[in-house]
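Enquirer: my questions are about this predicted structure, shown below with the sequence.
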Amino acid sequence: MVLPSKMPQLADLDLLLSVESYGSVGKAAQAHSLSQPAASIRISAMERRLGLRLLERSSAGSKLTEEGEMLAKYARNVMIAARELLEFGSGSQSSGTKRLRVAGSPAISEHLIPEWLNRSGFSFGEACVEVHTGSVDTLRQLIRASHVDLAFIDGWCQAGTQVQKQFGDDMATRYICDDKLAVVVGSKHPWARRSSPLTIRELVSAQLVLRERGSGLREFTDDLLGTGRAPRSYVEFPSSAAIKQAVATSQRATVLNISTVRSELAEGRLKLVAVDQEMPAKPIYAAWSGHRSLPEYAKELVEIAATKGSLMPVFLPEQKINSSRLAEVKTATTT
């Protein structure tokens, strides 16, 4: 058939889906390496060709109209079909090549996905594995655009929001494990040899190293410390790696999730400090498109993460556990 002149371009449909995901023409334009005026012009031109009003624009952002939502529904199917077409072309040129595209929130991509890949038995000499990272919005967009097969998200990305609401009803999710907050200090800090649990009042009074304001981890940390009293002294960093380096070589303390400090705890560069209350924990989930089945290797990775990805409890040197309790812990983390 000869396509009519008003048929939208794939790139324009993809841009519309990004506006739906980000809630902003500006953010969608940035994701597509466009200027905001250029993105607005392309959306407006598509509206004129179709004779539809697709967006409601306001100072708070942009959202799709009812007609825009209907077009987005069809656009998602078109983009999935286009991605499958490209994959078919790529597969015909390199038959037999194993490929896995996975994404995760920053901490998961850096600390957990490499471990899960190793446990899955992947041979990097035989498989092409691509790992991406980003915010909840970025991960959602990558899945919907079929740029990744699945994504792993933790609760630190977007505090106070259920994972299903983060991804939407068109996403399938599976619970993986929980990730707890922990108070951590350098090996030469006085608390590293402390035998009694730390109180939150003592933590607030200490010199701290914290994540930057606006991050999910900082929000949870502030909730832990309490809003009634600000820390006496603190330094902010925009990454967990910088925080770990600062704490390891100073007399300051920090609050990080267990998944990001396991290797430093095992090496003895950082020490875990017991706290006199239960520390907050957030779940880690795997998510993928509900419109497509997971590829074989993606299924394998999800299964490995769910069955063997639980975060091993880290015990303080002063904590004595009997052999039966240790056996219980090992059994719980391998089943």
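Expert: Right, received. Where do you want to start? The model shown is predicted, which means the values in this text are computed figures rather than measured ones.
Enquirer: what's the closest residue to residue 53 other than its chain neighbours sitting at in phi/psi?
Expert: Leaving aside its sequence neighbours, residue 53 sits nearest to residue 65 (CB to CB, 6 or more residues apart in numbering; 5.4 Å). From N, CA and C alone the C-beta is placed, and that goes for glycine too. Main-chain torsions, residue 65, degrees, to the nearest 10: phi -70, psi 180.
Enquirer: surely residue 173 touches residue 283?
Expert: No - using CB atoms under 8 Å, residue 173 is not in contact with residue 283, being 10.0 Å away.
Enquirer: more neighbours, the two?
Expert: Neighbour comparison, residue 173 and residue 283: the larger count goes to residue 173, with 19 against 15 (by other CB atoms under 10 Å).
Enquirer: just to revisit the earlier point, check the gap between the residue nearest to residue 53 and residue 187 for me.
Expert: 59 Å (CB to CB, to the nearest Å).
Enquirer: one more: residue 46?
Expert: According to CB to CB, residue 46 and residue 187 sit 59 Å apart.
Enquirer: same check, this time on residue 249
Expert: 10 Å.
Enquirer: cool, and residue 150?
Expert: Taking CB to CB, one finds residue 150 at 37 Å from residue 187.
Enquirer: for residue 140, same thing?
Expert: In terms of CB to CB, residue 140 sits 40 Å off from residue 187.
Enquirer: if we can go back for a sec, neighbour count: residue 150 and residue 187, which is higher?
Expert: Neighbour totals were compared for residue 150 and residue 187, and residue 150 leads with 27 against 14 (other CB under 10 Å).
Enquirer: look up phi and psi at that one.
Expert: phi -160, psi 170.
Enquirer: which ones are touching it?
Expert: Going by CB atoms under 8 Å, 6 or more residues apart in numbering, residue 150 touches 102, 103, 143, 286, 287, 288, 294, 298, 301, 302.
Enquirer: wait, doesn't residue 120 sit right on residue 301?
Expert: Yes - contact criterion CB under 8 Å: residue 120 and residue 301 qualify, at 5.5 Å.
Enquirer: comparing those two, which residue is more hemmed in?
Expert: residue 301 (26 against 18).
Enquirer: isn't that one up against residue 103?
Expert: No - between residue 301 and residue 103 there is no contact under CB under 8 Å: 11.8 Å.
Enquirer: tell me the contacts of residue 305?
Expert: 112, 116, 152, 176, 177, 286.
Enquirer: of the residues you listed, which is the nearest to residue 208?
Expert: residue 112 (25.2 Å; CB to CB).
Enquirer: for the closest one, grab the count of nearby residues.
Expert: 24.
Enquirer: what of residue 188?
Expert: 12.
Enquirer: helix/strand/coil for the residue nearest to it when sequence neighbours are not counted?
Expert: Nearest residue to residue 188 in three dimensions, chain neighbours excluded: residue 251, at 7.7 Å (CB to CB, 6+ apart). Following DSSP: H, G, I helix; E, B strand; the rest coil, residue 251 is assigned to coil.
Enquirer: what residues does residue 251 make contact with?
Expert: Residue 251 touches 186, 188, 189, 190, 207, counting by CB under 8 Å, 6+ apart.
Enquirer: now residue 54
Expert: 16, 43, 46, 47, 64, 65, 67, 68, 71.
Enquirer: for residue 19, same thing?
Expert: 25, 28, 39, 43, 55, 62, 64.
Enquirer: so which residues of the protein form strands?
Expert: 55-58, 61-64, 98-104, 127-133, 150-154, 171-186, 207-211, 233-237, 253-257, 270-273, 281-289 (DSSP state E).
Enquirer: deepest-packed of the ones you listed, please.
Expert: Across those, the average number of neighbours (mean count of other CB atoms under 10 Å) peaks for strand 150-154, which reaches a mean of 27.
Enquirer: just for this structure, where's the confidence low?
Expert: When residues are selected by pLDDT under 70, those of the chain lie in 1-3, 84, 86-97, 121-126, 155-169, 227-230, 308-335.
Enquirer: nearest residue to the middle of it?
Expert: The residue lying closest to the centre of the chain (CA atoms, centre = their mean) is residue 105, at 2.0 Å.
Enquirer: was I right to think that residue contacts residue 139?
Expert: Yes - taking contacts as CB under 8 Å, residue 105 lies within contact range of residue 139: 7.1 Å.
Enquirer: can you pull the residues that touch both of those two?
Expert: Joint contacts of residue 105 and residue 139 (CB under 8 Å, 6+ apart) are residue 153.
Enquirer: nearest to residue 32, of the contacts of residue 305?
Expert: Using CB to CB, those come closest to residue 32 at residue 152, 24.5 Å.
Enquirer: the closest one: what's it in contact with?
Expert: 102-105, 108-109, 112-113, 176, 284-287, 305.
Enquirer: try it again with 7 Å
Expert: Contact analysis of residue 152 by CB atoms under 7 Å, 6 or more residues apart in numbering lists 104, 108, 113, 176, 284, 286.
Enquirer: which residues touch the residue lying closest to it once chain neighbours are set aside?
Expert: The shortest distance from residue 152 to any non-neighbouring residue, by CB to CB, 6+ apart, is to residue 104 (4.0 Å). When contacts are counted by CB under 7 Å, 6+ apart, residue 104 touches 113, 133, 151, 152.
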